[in-house]
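*Asks:* Give me a model of this one.
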Amino acid sequence: MKRFQKEFIIEEARTDKVSHHGYHRFYPWFLAHFRNKEINLLEIGIDRTESLKLWKGYFDKLNLHGLDIDEKKFQDEEVTLHRVDQSNDVELDSFVKNIGINFDIILDDGSHVPDHQMLTIKKLWHLLKPGGIYIIEDIETSYWKRSSIYGYRFNAGKKGIIQNFYDLVDVINAEFSKKINRNLLIKNFANDVEMVTFAQNCIILVKKDHQSFNQYYNRDYKLKKKINSRAIQNLLKRLFLKDL
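*Replies:* Next up, the predicted model:
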């Protein structure tokens, strides 16, 4: 194990993020560069608040916010808790309207219901700073098909989230294919995704930083004549032969 992965293991935090999920294998690759900076972090779903201890122990200068459907208590004046139902778009809109800050990191460890995960990222994505990290945990539910969790029934066979995020690969690389994104569920944030990473039971997104890298987002692709050139040639040949 690398040193920066070991540093993610905070002994005081008895969270299943490490003990069960082993997220320390992935998260430091995306989060370690924030450790010595003043950052804002939002976690959706805080259960027994052990993960709040992890974030407090891992980051040096942290403005930490926790969001949960139930009333929670945490003995730290520097941590702000919010009671919000992530399945309720009105409550999410109210949170967005009143929070007054943007976040470097947003992490969804809430209901785990695919519909709620999609609703939450659509509502909260614009609160994420350029270059920020958005993590969706517990994507296992998208493989369960007809099931239930925490009292919510769902059919992931029809409404899982995995395919939606697979489609981001084509959006990120649309410059080379000229494909149009037809997935309406990711439409409002897809063009702002710099990177999408799939790991065991989580999806990690990096948001574009237009101020630093805009020259790569709005450029004239030097090999654009190659895009679909063979397909166009074959189409012309077929049309020519048809007229003979």
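
*Asks:* Can you list the low-confidence ranges for the protein?
*Replies:* Residues of the chain meeting the criterion pLDDT under 70: 229-244.

*Asks:* Next, Asn188: secondary structure please.
*Replies:* Put simply, Asn188 is helix when judged by DSSP: H, G, I helix; E, B strand; the rest coil.

*Asks:* How about Lys225?
*Replies:* helix.

*Asks:* burial count for it?
*Replies:* Using other C-beta atoms under 10 Å, Lys225 is surrounded by 8 other residues. C-beta: built from backbone N, CA, C; applies to glycine.

*Asks:* Next up, the contacts around it.
*Replies:* Listed by C-beta atoms under 8 Å, 6 or more residues apart in numbering, Lys225 has no contact partners.

*Asks:* And the helix or strand harbouring Val171, what does it pack against?
*Replies:* Using DSSP states H and E, Val171 sits within helix 162-172. Other elements packing on helix 162-172 under the criterion 3 or more C-beta pairs under 8 Å, 6 or more residues apart in numbering; DSSP states H and E are helix 187-190, strand 193-199.

*Asks:* So which bits of it are buried?
*Replies:* By neighbour count with 16 or more other C-beta atoms under 10 Å, helix 162-172 contains the buried residues Asn164, Phe165, Asp167, Leu168, Asp170, Val171, Ile172.

*Asks:* cool, and stretch 140-158?
*Replies:* Here stretch 140-158 shows Thr141, Ser142, Trp144, Phe154, Ala156 as buried, counting by 16+ other C-beta under 10 Å.

*Asks:* Which pair of those residues spans the longest distance?
*Replies:* Ser142 and Phe154 (9.5 Å; C-beta to C-beta).

*Asks:* any residues in contact with both of the two?
*Replies:* Applying C-beta under 8 Å, 6+ apart, one finds that Ser142 and Phe154 are jointly contacted by Pro114.

*Asks:* and the nearest residue to Ile39 once chain neighbours are set aside, what element?
*Replies:* Leaving aside its chain neighbours, Ile39 sits nearest to Asp104 (4.1 Å; criterion: C-beta to C-beta, 6 or more residues apart in numbering). Using DSSP H and E, Asp104 maps to strand 103-108.

*Asks:* Could you do Leu81 as well?
*Replies:* strand 79-83.

*Asks:* How many residues are close by the residue lying closest to Ser142 once chain neighbours are set aside?
*Replies:* Ranked by C-beta to C-beta, 6+ apart and with sequence neighbours excluded, the top spatial neighbour of Ser142 is Gly160, at 3.3 Å. Number of residues near Gly160 (other C-beta under 10 Å) recorded here: 21.

*Asks:* Do I have it right that Gly160 meets Tyr143?
*Replies:* Yes: using C-beta atoms under 8 Å, Gly160 is in contact with Tyr143, at 7.1 Å.

*Asks:* In this protein, what residue spans correspond to strands?
*Replies:* Secondary structure of the chain (DSSP state E): strands at 38-44, 61-68, 79-83, 103-108, 128-137, 146-149, 152-155, 193-199, 202-207.

*Asks:* Just the C-alpha atoms of the third one, please, in CSV.
*Replies:* Meaning strand 79-83. Extracted in CSV, the C-alpha atoms of strand 79-83 (Å, rounded to 0.1, in the frame of the first residue of the first chain):
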residue,chain,number,x,y,z
VAL,A,79,-19.3,21.0,10.9
THR,A,80,-22.6,22.2,9.5
LEU,A,81,-25.4,19.6,9.3
HIS,A,82,-28.5,19.9,7.0
ARG,A,83,-31.7,18.0,7.1
